[in-house]
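Colleague: Structure, please.
(one chain, ligands or ions: 1)
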Amino acid sequence: MTKLDQAVTTRFRRGLTGWFRRHGRDLPWRRTRDPYHVLVSEVMLQQTQVSRVELFYARFLERWPTLHDLAAARPKQVRGQWEGLGYYRRAANLHALAKVVVAEHGGRMPKETSALRELPGIGPYTAGAVSCFAFEQRTPAVDTNVARVIRRAFHPRRPKDPNDKTIWATAEALVPRGGKNAWTFNQAIMELGALICTARVAKCGECPVRSACKTGSRST
Ligand code: SF4
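Modeller: Numbering: from 1, shown residues only. Okay, the predicted model is just below:
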């Protein structure tokens, strides 16, 4: 595991999670721990904006409230329900995944990232996100937002690379012990990347982790 300065890590976690409790958006998938519902949101969010996903997420789950319901659907119906979201491969993978989980896991989503990675369409990020957001496991979940925050805060000299092992190792070291704290931390760092430390601009002046950030503490 990456060695991080303990005082900096504590400051980073506290600033981040305190801010998230005050400013994090109330999104429907943050109100559930249902693994299937979390999965649907994560797959939809992969290429689509939050506001658009909110609408499709509600419709999709109204049509197929459980993994068993989705597994029993026809491919054409799933594709039709996805119409307007784009990147249809995601819908096909989600449908295939539902069938595999029903056939091979008794309809229950696995909670370990290694087992999740075996399922259709599940990459390292989605495996980490489902494991943490549905099961509150202590797993890193590094998407482009999270990678950007960690790079700017801890590794400002490293080139942008979404598969950078150092970024993943730092994310792993930062996630607090399991349960609600791990859930809150991963949601919070994602939210910081979406709202404050964005690709377009780093709003260091209003950032809650500035004093623990290598980039922010140097900026004026
Ligand atoms: S201080 Fe600036 S660079 Fe660092 S995490 Fe916050 S917004 Fe990003």
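
Colleague: For residue 202, what are phi and psi?
Modeller: Dihedral angles of residue 202 (phi, psi; degrees, to the nearest 10) stand at phi -100, psi 110.

Colleague: what's the residue of the chain found nearest the ligand in contact with, if anything?
Modeller: Nearest residue of the chain to the ligand, counting by CB to the nearest ligand atom: residue 216, 2.2 Å away. C-beta coordinates here come from the backbone N, C-alpha and C atoms, glycine included. Contacts for residue 216 (CB atoms under 8 Å, 6 or more residues apart in numbering) come out as 152-153, 202, 204, 207, 209-210.

Colleague: Filter those residues to keep only those in contact with the ligand.
Modeller: 152-153, 202, 204, 207, 209-210 (CB under 6 Å from any ligand atom).

Colleague: Where helices are concerned, which of those residues count?
Modeller: Secondary structure from DSSP state H places 152-153 of those in helices.

Colleague: got CSV for the ones next to the ligand among the contacts of residue 216, with distance to residue 18 and pLDDT too?
Modeller: Putting these into CSV (distance: CB to CB, whole Å; pLDDT from 0 to 100) gives the following:
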residue, distance to residue 18, pLDDT
152, 19, 97
153, 16, 97
202, 19, 97
204, 17, 97
207, 12, 98
209, 10, 98
210, 13, 97
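
Colleague: for the top helix by length along the chain, what is the average pLDDT?
Modeller: Using DSSP H to define each element, the chain has its longest helix at helix 6-23. Regarding helix 6-23, the rounded mean pLDDT is 97.

Colleague: Show me what it is packed against.
Modeller: Using 3 or more CB pairs under 8 Å, 6 or more residues apart in numbering; DSSP states H and E, the elements in contact with helix 6-23 are helix 165-174, helix 180-195.

Colleague: Of all the ones you listed, which one is nearest residue 80?
Modeller: Residue 80 lies closest, by CB to CB, to one member of the helices and strands packed on helix 6-23: helix 180-195, at 29.7 Å.

Colleague: If you count neighbours, what's buried in stretch 42-51?
Modeller: By 16 or more other CB atoms under 10 Å, the buried positions in stretch 42-51 come out as 42-45, 48.

Colleague: Please look at residue 129 and residue 41 and confirm they touch.
Modeller: No - applying CB atoms under 8 Å, one finds residue 129 not in contact with residue 41, separated by 9.0 Å.

Colleague: Which one's more surrounded, the two?
Modeller: residue 129 (29 against 24; other CB atoms under 10 Å).

Colleague: one step back: out of the helices and strands packed on helix 6-23, deepest packed?
Modeller: helix 180-195 (a mean of 21; mean count of other CB atoms under 10 Å).

Colleague: re earlier: in TSV: the buried residues of stretch 42-51, plus pLDDT and secondary structure.
Modeller: Shown next, in TSV, are the buried residues of stretch 42-51 (pLDDT from 0 to 100; DSSP: H, G, I helix; E, B strand; the rest coil):
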residue	pLDDT	secondary structure
42	98	helix
43	97	helix
44	97	helix
45	96	helix
48	92	coil
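
Colleague: What is the nearest of the residues you listed to residue 61?
Modeller: Closest to residue 61, out of all of the buried residues of stretch 42-51 and judged by CB to CB, is residue 44, at 10.6 Å.

Colleague: Skipping its backbone neighbours, what lies nearest the closest one in space?
Modeller: Closest residue to residue 44 apart from its sequence neighbours, by CB to CB, 6 or more residues apart in numbering: residue 53 at 4.5 Å.
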